[in-house]
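In: Provide a 3D model corresponding to the input given below.
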Amino acid sequence: MTQPDSLWLAQSLLNAPGWARVALTAPNERLREQAAVELAQTIICAMERPPTIHDMRQMTLPL
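Out: Next comes the predicted model:
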């Protein structure tokens, strides 16, 4: 497994549910923990589905 780069990780976090990103700053400890679990699951799912790398030499054909 390759190590993800920072741009890929940032995009994965931005694709996480909005409530989880906002809830990390909530005053309620339980809500912060749930948000952290949701973000961790988002990252794990993204790691299981690595982004496809497109070969720039490959010509795209219209369908």
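
In: From His54, how far off is Leu61?
Out: 13 Å (C-beta to C-beta, to the nearest Å). Glycine gets a C-beta too; all of them are placed from N, C-alpha and C.

In: Counting neighbours, go ahead and name the busier of those two.
Out: His54 (8 against 5; other C-beta atoms under 10 Å).

In: Please identify the helix or strand for that one.
Out: Following DSSP states H and E, there is no helix or strand that holds His54.

In: pLDDT score assigned to it?
Out: You'll see His54 listed with a pLDDT of 70.

In: residue closest to the middle of the chain?
Out: Ser12 (1.7 Å; C-alpha atoms, centre = their mean).

In: Could you look up the SS state of it?
Out: Taking DSSP: H, G, I helix; E, B strand; the rest coil as the rule, one finds Ser12 in the helix state.

In: just checking, it touches Gln41?
Out: No - assessed by C-beta atoms under 8 Å, Ser12 is found out of contact with Gln41, at 10.9 Å.

In: Run through the neighbouring helices and strands of the longest helix seen in the chain.
Out: Counting residues, the longest helix found in the chain (DSSP state H) is helix 29-48. Here helix 29-48 touches helix 6-14, helix 18-23, going by 3 or more C-beta pairs under 8 Å, 6 or more residues apart in numbering; DSSP states H and E.
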